[in-house]
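A.B. asks: I would like the atomic coordinates for the input below:
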Amino acid sequence: MKAHNVWLSGIGVYAPPAQVISQAETTSGPGGGAWHGQPDRVARVCVAGDMSAPDMALHAARRALASSAASPRDVALLIYADVWHQGPDGWAPHSYLQRLLHLDRCLAVEQRAGCTGGFSAIELAVGYLQQRAEADVALVVTSDNFGTKLVDRWCMGPLQGAVGDGAAALVVSRRPGFARVLSTAGATFAEMEAAHREGEPLFPPPVTEGRYMDLGIRAARFQARAIRDGRWMSLSLGHLERAVGVVEEALADAGSDRRDISRVLIHSMPEQAATSYLESLGFTLDRSSWSLAEAMGHVGASDHVLALHHLLVTGQVRHSDRVLLTGFSPGITYKAMVVEITDTGPLRGPGPESRP
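C.D. replies: Coordinates of the predicted model:
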């Protein structure tokens, strides 16, 4: 989808201190550190301790608004995207932000779309702003704290990195900002829906029974069944086709090709997996955000905005640079977006000061 006169006008993050963790020491789920067959793995991830995800989201949202020309009364839409539980059951984290940010007049919703939730939120915000003449500003917030009893940091499986905590926020606006949204693209592969469910009942929800979230073992079960059924090759090819397809679509709608892209922002994954993924998209690891993701962990739906913020405050992108953001999440859902940097001045500064 081509975007018309829609900008990113503010950005804010909350990144708690990073720690080096060992799978053997930190895995709390069934089977301990050997559950995924790699008990000697180590990773560096952001760990929020007992700071709630909504409070991290609040910090990121305040910074995003402060870095933009928008005020809370300008916000017509708030989308809160998350992966893990946010607070008391039956309670709305977006309403918490509404109260503390004084956003009573806006439409506010929570969205759970995995680690591409931020993409979906931006895409919805773009459509909302382009269809409603009275709406100028939307606020997209992502946040997660995975440090709970039913999740260990290695729940994504052996081909994925450990999960970290943090939050990110973007002000999406019809007013000029630091980046212009050129295009968004998305696709799904519903035939692989069970890849993140295999072996788990729909009811009662496992969390209500006190069972651990382990996406890695679910994916392994799904793969084993697909191999037995003779479907694994076609599923793998279909996955690759869609991952590449959304990038091709986003580039075409942005009037760009791969040579125009300065940096590629992806979600966190181990180096070998990231190298393979990027090569399939036609890019190299050194043009990506992999090194930052490796230093923070997989921070739910926040990876891409955390990476964009890092590029901006450290001066790694300049005026007129085009940046591709892409990734996939359970569903399976595939997303891509191209933005053009238009003004980095107000955001330049030291990267680590993302914590209060």
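A.B. asks: is it true that A250 touches V323?
C.D. replies: No: using Cβ atoms under 8 Å, A250 is not in contact with V323, being 11.1 Å away. The way it works is simple: take the backbone N, C-alpha and C, and place the C-beta from them, glycine included.
A.B. asks: so where does Y334 fall, helix or strand?
C.D. replies: Secondary-structure assignment from DSSP states H and E places Y334 in strand 333-341.
A.B. asks: kindly provide the whole-number mean pLDDT of that strand.
C.D. replies: Averaging pLDDT along strand 333-341 yields 97.
A.B. asks: next: stretch 195-207.
C.D. replies: 93.
A.B. asks: and for stretch 49-66?
C.D. replies: Here stretch 49-66 scores 97 as its mean pLDDT.
A.B. asks: export whatever helix or strand I227 lives in as CSV, just CAs?
C.D. replies: Element membership of I227, judged by DSSP H and E, is helix 215-228. The C-alpha coordinates for helix 215-228 follow below in CSV (Å, rounded to 0.1, in the frame of the first residue of the first chain):
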residue,chain,number,x,y,z
LEU,A,215,6.9,-21.6,21.2
GLY,A,216,10.0,-23.5,20.3
ILE,A,217,8.6,-26.9,21.3
ARG,A,218,5.4,-26.1,19.5
ALA,A,219,7.2,-25.3,16.3
ALA,A,220,9.3,-28.5,16.6
ARG,A,221,6.1,-30.6,16.9
PHE,A,222,4.5,-28.8,13.9
GLN,A,223,7.6,-29.4,11.8
ALA,A,224,7.8,-33.1,12.8
ARG,A,225,4.1,-33.6,11.8
ALA,A,226,4.6,-31.7,8.5
ILE,A,227,7.6,-33.8,7.6
ARG,A,228,5.6,-37.0,8.3
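A.B. asks: how far does that helix sit from the chain's center?
C.D. replies: Between the centre of helix 215-228 and the centre of its chain there are 24 Å (Cα atoms, centre = their mean, to the nearest Å).
A.B. asks: now do stretch 313-332
C.D. replies: Counting by Cα atoms, centre = their mean, stretch 313-332 is centred 11 Å from the centre of its parent chain.
A.B. asks: in that stretch, what counts as buried?
C.D. replies: 313, 316-317, 321-332 (16 or more other Cβ atoms under 10 Å).
A.B. asks: now, among the residues you listed, which is nearest to E191?
C.D. replies: Among the buried residues of stretch 313-332, I332 lies closest to E191 (Cβ to Cβ), at 8.8 Å.
A.B. asks: pretty sure the closest one sits against A195.
C.D. replies: Yes: the pair I332 / A195 is scored as a contact, 6.7 Å apart, by Cβ under 8 Å.
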